[in-house]
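Chemist: Give the three-dimensional model of this entry:
(2 chains)
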2 protein chains.
Amino acid sequence: MAKLTSWVDVAPDSDFTIHNIPFGIFSNANNSPRIGVAIGDEILDLVAVAKLGCFDQLKIDKSVFNRPVLNDFIALGKPVTKKIRKEIQKLLSDKKSRIKGKSGILIPRKKAKMHMPVKIGDYTDFYSSVEHATNVGKMFRDPENALLPNWKHIPVGYHGRASSIVIDGTPIHRPKGQVLPKGKERPVFQASNRLDFELEIGFIIGKNSRLGNPVSTDKAEDHIFGLVLFNDWSARDIQKWEYVPLGPFLGKNFASAISPWVVTLEALEEFKVHGPKQTPRVLPYLRFEGAKNYDLNLEVAIKPQGGKETRVSYSNFKYMYWNMCQQLAHHTSNGCDVKIGDIMASGTISGKEDTSFGSMLELAWAGTKPLSLSDGSTRVFINDNDTVTLRGHGKKNGVRVGFGQVSNKIKPAR
Amino acid sequence: MAKLTSWVDVAPDSDFTIHNIPFGIFSNANNSPRIGVAIGDEILDLVAVAKLGCFDQLKIDKSVFNRPVLNDFIALGKPVTKKIRKEIQKLLSDKKSRIKGKSGILIPRKKAKMHMPVKIGDYTDFYSSVEHATNVGKMFRDPENALLPNWKHIPVGYHGRASSIVIDGTPIHRPKGQVLPKGKERPVFQASNRLDFELEIGFIIGKNSRLGNPVSTDKAEDHIFGLVLFNDWSARDIQKWEYVPLGPFLGKNFASAISPWVVTLEALEEFKVHGPKQTPRVLPYLRFEGAKNYDLNLEVAIKPQGGKETRVSYSNFKYMYWNMCQQLAHHTSNGCDVKIGDIMASGTISGKEDTSFGSMLELAWAGTKPLSLSDGSTRVFINDNDTVTLRGHGKKNGVRVGFGQVSNKIKPAR
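Modeler: Residues are numbered from 1 along each chain as shown, chains lettered A, B, ... in the order given. Presented below is the predicted three-dimensional model:
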């Protein structure tokens, strides 16, 4: 990759470099929700850029930038959105750029409000980290046979709730629900006291498939527009009592949270790496060629009310056992269709080291190993008024591309 | 209920009597998809009715009838849609009705194409028949402890796939997927050979709730617009291998099917009955007052290619252990929000008698008791080119209100 620079000031540790060009929906005092691109501490207003005629050669309907979600923009198709991204990269790097110095083109990110980037149709959560699945199996089932028999054959997944997915910054109330007190036979209804985060990455579908028509692993990337950080908030006590035999439900659907900037697959191309070897060999429809994992550094921080942040986990997206192409091929292998705006999350991303686990459940090993925060307090799960922040970025040959963050404060149960 | 009659011819056994007034989306040679009401063998075109000024006193935006889904109509709110329904009932029963004899008002149902009635946001499937859950428990787990410990405390549910829900008449291809052959350790990828229907009823959300705000059982009916028949198509072999620990996924999401006419709660009021006694007593947030079950006769028929239909199940919606108000209160008890157009299905509706079971799995008891069809063939699951039809109606004091049908032909795997 040729290293580019922008005439916009971009700090060396910014996630939003000229190599990124992530798309999102913003509004500010002057503008209703519309499409923008993050660059350094600024947002490039694509409605304003389009008005200057910068995309005229692409012959697209310019009103597509003036929408409250990215869906119609994504529906232009990857051949077009890739050209738009390249054009923006040029406009932001060219020292004689026609947009340079124009008023109303750049909006400070601090003064903008970010919105949900897409109207989500369906949401699916996978369970694709072998370390996470093994940890959970050790804690709750059999330490000697931690992985269930299907795990290495199937990228296990389940449907989640789309309506309760919220954006970075949205406060989340601790959920109430049925839990079975230890040693009791009857459940009680109370505020969860095992509230947890799950460090995940979600991918956003960029191209429809038709019902009855599977998407193969080698065509899967055509159907993936981009990625976001995904916090799959979980209430472990509610989940434990409800999940047999049909899976997690109220233990999950009170809220999930995503980062606002959608980082395209094109921006992440440089960070592709090979994933773990899959043994036993997977069935033919799950086989793939080339590097399909991504070397993206991930971290989780907890900030108590009035205190400082403590980083509690350092993980990496490259640890995934099942990659996104396999997940999508599996999801559609029975003919299930996918639609633009659907989101599919990775499942908790844990590594081998106990500092790389992607949930409190694992980090504090089901409540047995409290974590110390910098203010001297300890945590086994998340307390009221704690703020949990996920961050992620790739860095290679001096080039950085990142997601920003997804951060949510937990408010007491209502 | 005062017995009404319509100036439109309505056969005595029609589901679409003057007491029903179900809403749906139709198109024909002259009209793009729009809202209609079924009456006997006709469809009342609400765009045409609105043009005549029949709803002028309600001061609504008439264009709401000229939409390809009911969502905006439903969003008018129940106080308004109830008035519209009452006005339509009057227009169709009054012998001096201003619409009587007007051209283009009534369209023969046979000449119309029906479409999905709503844009579905999220889809949830419950598991609320005690007989069904017990049957499944007996077959796959412990006959002595067929119900899991949570079942009588929780209206167990899980998220399903909204994108693959199709309308009556849509052919469905037999899905392929991973199955574990008996006695083997490694799965194979093949066409399902345990394809099954599930006889269910779905309710459509009629009013949004806000994230973080539970809906109580006594407010639940305000959030339910109406009901449809729901066939939760299932591939038992795929489901069996995949479902531990996160629930059904590809064994379900290749297709579900609904009937096209949404029967409002108001039309079903007459058929309300008390449900089974719930023991042990449920937690306070699941308690309710009054009759919340519905006496609705349900049946399933199988028609082989070129053969005649055989009715294989006679069930009733009144058998449900958990009612819709409890399902909705539970679903939102953790603050999960619901949106207009969401659909929530009951789970398979089985009764006590073995002729009232709502799936082939139960009717043929996991393949051990083949069912005979009228052409002399037998079935343990559904064969290629079989057509499966669900029907349902209430009948009381000579008044009939029904759903019509949801019927799908199974095509061979691709």
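Chemist: Please point out which parts of the helix ranked longest in chain A sit buried.
Modeler: The longest helix of chain A (DSSP state H) is helix A:78-93. Across helix A:78-93, burial judged by 16 or more other CB atoms under 10 Å in any protein chain shown covers A:K78, A:V80, A:T81, A:I84, A:R85, A:E87, A:I88, A:Q89, A:L91, A:L92, A:S93. C-beta: built from backbone N, CA, C; applies to glycine.
Chemist: confidence score at the second one?
Modeler: When you say that, I think you mean A:V80. As predicted, A:V80 sits at a pLDDT of 98.
Chemist: follow-up on the earlier one: helices and strands around the longest helix of chain A, which ones?
Modeler: Under the contact criterion of 3 or more CB pairs under 8 Å, 6 or more residues apart in numbering or on different chains; DSSP states H and E, helix A:78-93 touches strand A:42-45, helix A:46-51, strand A:263-264, helix A:265-268.
Chemist: CA atoms only: put the first one into CSV for me.
Modeler: Read it as strand A:42-45. Provided in CSV are the C-alpha atoms of strand A:42-45 (Å, rounded to 0.1, in the frame of the first residue of the first chain):
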residue,chain,number,x,y,z
GLU,A,42,-13.2,15.9,11.4
ILE,A,43,-16.1,14.6,9.5
LEU,A,44,-16.3,15.1,5.7
ASP,A,45,-19.9,16.0,4.8
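Chemist: What average pLDDT does that strand get?
Modeler: The pLDDT scores in strand A:42-45 average 98.
Chemist: give the contact list for the residue in chain A that chain B sits nearest to.
Modeler: Relative to chain B, the nearest point of chain A is A:G247 (2.3 Å; CB to the nearest CB). Neighbouring residues of A:G247 by CB atoms under 8 Å, 6 or more residues apart in numbering or on different chains: A:Y158, B:Y158, B:Y243, B:P245, B:L246, B:G247, B:P248.
Chemist: Quick test: name the residue nearest the centre of chain A.
Modeler: A:L229 (2.5 Å; CA atoms, centre = their mean).
Chemist: Which strand or helix spans it?
Modeler: Using DSSP states H and E, A:L229 maps to strand A:224-231.
Chemist: Around chain B, pick out the residues from the stretch 201-350 of chain A.
Modeler: With CB under 8 Å from any CB of the partner chain as the criterion, the stretch 201-350 of chain A meets chain B at residues A:211-212, A:235, A:238, A:241-250, A:253-255, A:280, A:283-285, A:330-331, A:333-339, A:342.
Chemist: Just these: which are in strands?
Modeler: A:A235 (DSSP state E).
Chemist: need the contact list for the closest residue to A:P245 other than its chain neighbours.
Modeler: Spatial nearest neighbour of A:P245, excluding adjacent residues (CB to CB, 6 or more residues apart in numbering or on different chains): B:L148 at 6.5 Å. By CB under 8 Å, 6+ apart, the contact set of B:L148 is A:V244, A:P245, B:A133, B:G137, B:R141.
Chemist: How many residues are close by the fourth one?
Modeler: B:G137 is surrounded by 18 other residues when neighbours are defined as other CB atoms under 10 Å in any protein chain shown.
Chemist: Can you give me the buried ones in the strand or helix carrying it?
Modeler: Assigned by DSSP H and E, B:G137 belongs to helix B:130-140. Neighbour-count burial for helix B:130-140 flags B:V130, B:E131, B:H132, B:A133, B:T134, B:N135, B:V136, B:G137, B:K138 (criterion: 16+ other CB under 10 Å).
Chemist: start to end distance for stretch A:185-204?
Modeler: Here the two ends of stretch A:185-204 are set 42 Å apart, with distance taken as CA to CA, to the nearest Å.
Chemist: Just name the closest of the buried residues of helix B:130-140 to A:T389, please.
Modeler: For the buried residues of helix B:130-140, the closest approach to A:T389 (CB to CB) belongs to B:A133, at 41.4 Å.
Chemist: Excluding chain neighbours, what is closest to A:A220?
Modeler: Excluding the flanking residues, the one nearest A:A220 by CB to CB, 6+ apart is A:C325, at 3.8 Å.
Chemist: coming back round to it: if I look at the residue nearest to the centre of chain A, how far off is A:P260?
Modeler: According to CB to CB, to the nearest Å, A:L229 and A:P260 sit 10 Å apart.
Chemist: again with A:F16
Modeler: 11 Å.
Chemist: quick one: common contacting residues for these two?
Modeler: With CB under 8 Å, 6+ apart as the test, A:F16 and A:P260 both reach A:G404.
Chemist: Test my guess that A:Y243 contacts B:P245.
Modeler: Yes: applying CB atoms under 8 Å, one finds A:Y243 in contact with B:P245, separated by 7.1 Å.
Chemist: give me every residue that touches the nearest residue to A:N28 once chain neighbours are set aside.
Modeler: Closest residue to A:N28 apart from its sequence neighbours, by CB to CB, 6+ apart: A:A112 at 4.7 Å. Contacts were defined as CB under 8 Å, 6+ apart; by that measure A:A112 touches A:F26, A:S27, A:N28, A:G36, A:I43.
Chemist: Brilliant, that's me finished.
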